[in-house]
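**Q** pasting a predicted model and its sequence here:
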Amino acid sequence: MSLNFDDLRRWPDVEAENLHAVDAADRLLLELAAEAGWPTEPGRGVILGDHYGALTLGALDAGLRGLRVHQDALSGARATDANAAALLPERTGDYRQLPLGAELLTGAQLVLLALPRSLDALEELLGFVAEHADEQVVVLAAGRIKHMNHTMNEVLGRYFGTVTASLGRQKSRVLTARRLRQPADRPVSRFPLHASHELGLQAPLHLRAYAQTFGGAKLDPGTRFLLEYLQLPAGVERAVDLGCGNGTIATFLAVKYPQLSVYACDQSASAVASTRATAAANSVAQRLTAVQDDALGSLPGGSESLVVLNPPFHMGNTVHAGIALKLFADAARVLAPGGELWCVWNSHLGYRAQLEKLVGPTRQVARNPKFTVTVSTKS
């Protein structure tokens, strides 16, 4: 293998010394795939859940052609493309980024899967594999041992007759699934997930969530606290929900304010699909636009009057403030002078000084032992 994994980058995602583009699970998965034998026919290999391109570039470097790839996070997909262009420029035409579905998986004989921490996400992915892949498909699923549990084997066993585990290596392990079960012996899809929540509206808010959406169809407690205090500034005709997740904030605003149009965005394809489903379930889809984007990259500077944000405080499995600061800065970019950023954050994170610096004057609207709600006005 000529590829040097140390050259892989996370860009355009946040980069820092404790954030890495490749881990031992990626390396082990590629080693065991080589031992099992790569498909020789073009178009028979599929990568699911690659983080920043290590699996994709590793498979290309091993000689695979017609590789199909699905990454839920837009930042991961863009990092894969950037890494391929920099490190394997002659192979960039040998893979395609595709959404979950038939085009991604039809005829697949080998699927390399970076194990998600969510069992629901694993089940959803396996459902697509079972529905569309070749009957003889083999799935190799890798993860860090500290994030794995025996229930993952059970989920794989609902779709495959044989599930085996490799020996642990560098705190990583690979599960191998073979002998795809017949359709009558496999679970029926449960997705999107459904839940309804009382939020002081005339009717419950109905949430929908596909499995790779953070938090599923639950109502995030920070979001609930924010919505208790969120006030629509006078004259605002459009609101932006940055990092929309399952669509709670965007749909709440569209339901509560019938004159309002709402723009929702998230880097997760699953979250965007969930937000669209939530909007439809609450009959506001005609006033809500949901798009996949890296922060607010599709919006021009100075174009918005209101942005609402419940920022993540982790990147993958690592707690890191970098993503929140990135979102604050991009919200500041798109806000017109006098525009407002309403934000809820874990109180111990102390984001107020950063909001003051990146956006403008910031006042505390509400605070409890866990969460703080602030509104920052663009200078």
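**A** On my side now, so go ahead. Numbers count the residues shown, from 1 in each chain.
**Q** okay, buried residues for stretch 200-219 please.
**A** Across stretch 200-219, burial judged by 16 or more other CB atoms under 10 Å covers 205-219. The way it works is simple: take the backbone N, C-alpha and C, and place the C-beta from them, glycine included.
**Q** wait, stretch 146-157
**A** Per 16+ other CB under 10 Å, stretch 146-157 contains these buried residues: 148, 152, 155-156.
**Q** just the ones of the buried residues of stretch 200-219 in strands?
**A** Using DSSP state E, the members of the buried residues of stretch 200-219 that fall within strands are 205-209.
**Q** nearest to Tyr52 among the buried residues of stretch 146-157?
**A** Set against Tyr52, the nearest of the buried residues of stretch 146-157 by CB to CB is Met148 (20.4 Å).
**Q** would you confirm that that closest one contacts Arg173?
**A** Yes: Met148 is within contact range of Arg173, at 6.2 Å (criterion: CB atoms under 8 Å).
**Q** quick one: the buried residues of stretch 146-157 as CSV, columns for secondary structure and pLDDT too.
**A** CSV is the format used below for the buried residues of stretch 146-157 (DSSP: H, G, I helix; E, B strand; the rest coil; pLDDT from 0 to 100):
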residue, secondary structure, pLDDT
Met148, coil, 95
Met152, helix, 97
Val155, helix, 98
Leu156, helix, 98
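**Q** pLDDT-wise, which helix or strand of this structure ranks last?
**A** For the chain, counting by mean pLDDT, DSSP states H and E, strand 318-319 ranks last in confidence among helices and strands (a mean of 42).
**Q** past it, which element shows up next along the chain?
**A** For strand 318-319, the following helix or strand on the C-terminal side (DSSP states H and E) is helix 322-334.
**Q** got the CA coordinates for that next one in CSV?
**A** C-alpha atoms of helix 322-334 as CSV (Å, rounded to 0.1, in the frame of the first residue of the first chain):
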residue,chain,number,x,y,z
GLY,A,322,-14.3,24.0,17.8
ILE,A,323,-17.5,23.2,16.0
ALA,A,324,-19.6,25.6,18.2
LEU,A,325,-17.1,28.4,17.5
LYS,A,326,-17.2,27.7,13.8
LEU,A,327,-21.0,28.0,13.9
PHE,A,328,-21.0,31.2,15.9
ALA,A,329,-18.6,32.7,13.4
ASP,A,330,-20.7,31.7,10.4
ALA,A,331,-23.9,32.9,12.0
ALA,A,332,-22.1,36.3,12.5
ARG,A,333,-21.2,36.3,8.8
VAL,A,334,-24.7,35.9,7.5
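**Q** which positions in that helix come out as buried?
**A** Those buried within helix 322-334 under the rule 16+ other CB under 10 Å are 323-328, 330-334.
**Q** follow-up on the earlier one: turn the ones in strands among the buried residues of stretch 200-219 into TSV, including distance to Ala24.
**A** Listed next are these as TSV, based on distance: CB to CB, whole Å:
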residue	distance to Ala24
Leu205	42
His206	42
Leu207	36
Arg208	36
Ala209	31
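**Q** and which of those residues is nearest to Tyr257?
**A** Closest to Tyr257, out of all of these and judged by CB to CB, is Leu205, at 13.8 Å.
**Q** ok, the closest one touching Val255?
**A** Yes: contact criterion CB under 8 Å: Leu205 and Val255 qualify, at 6.9 Å.
**Q** what touches both of these two?
**A** In terms of CB atoms under 8 Å, 6 or more residues apart in numbering, Leu205 and Val255 are both contacted by the residues Asn282.
**Q** what is the neighbour count of the residue nearest to Leu74 when sequence neighbours are not counted?
**A** Using CB to CB, 6 or more residues apart in numbering and skipping the chain neighbours, the partner closest in space to Leu74 is Gln267 (4.3 Å). Look at Gln267: counted by other CB atoms under 10 Å, it has 21 neighbours.
**Q** burial count for Asn4?
**A** 9.
**Q** how close does it get to Arg178?
**A** Applying CB to CB, to the nearest Å, the value for Asn4 to Arg178 is 32 Å.
**Q** let me see the ranges of the helices in the stretch 251-379 of the chain.
**A** Assignment of helices within the stretch 251-379 of the chain using DSSP state H, counting those that start in this stretch yields the ranges 269-281, 322-334, 352-358.
**Q** the last one - contacts with which helices or strands?
**A** Helix 352-358 is packed against helix 322-334, strand 362-367, strand 371-377, with contacts defined by 3 or more CB pairs under 8 Å, 6 or more residues apart in numbering; DSSP states H and E.
**Q** of all those, which lies closest to Gly302?
**A** Across those, closest to Gly302 is helix 322-334 (CB to CB), at 7.0 Å.
**Q** same question for that closest one, mean pLDDT?
**A** Taken as a whole, helix 322-334 has an average pLDDT of 93.
**Q** nearest residue to the middle of this protein?
**A** Geometric centre of the chain, nearest residue: Ser268, 3.6 Å, by CA atoms, centre = their mean.
**Q** where in the chain is pLDDT low?
**A** By pLDDT under 70, the weakly predicted segments of the chain are 1, 313-321.
**Q** could the buried residues of helix 322-334 go into JSON lines alongside distance to Glu304?
**A** Shown next, in JSON lines, are the buried residues of helix 322-334 (distance: CB to CB, whole Å):
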{"residue": "Ile323", "distance to Glu304": "20"}
{"residue": "Ala324", "distance to Glu304": "19"}
{"residue": "Leu325", "distance to Glu304": "19"}
{"residue": "Lys326", "distance to Glu304": "17"}
{"residue": "Leu327", "distance to Glu304": "14"}
{"residue": "Phe328", "distance to Glu304": "14"}
{"residue": "Asp330", "distance to Glu304": "11"}
{"residue": "Ala331", "distance to Glu304": "8"}
{"residue": "Ala332", "distance to Glu304": "11"}
{"residue": "Arg333", "distance to Glu304": "10"}
{"residue": "Val334", "distance to Glu304": "5"}
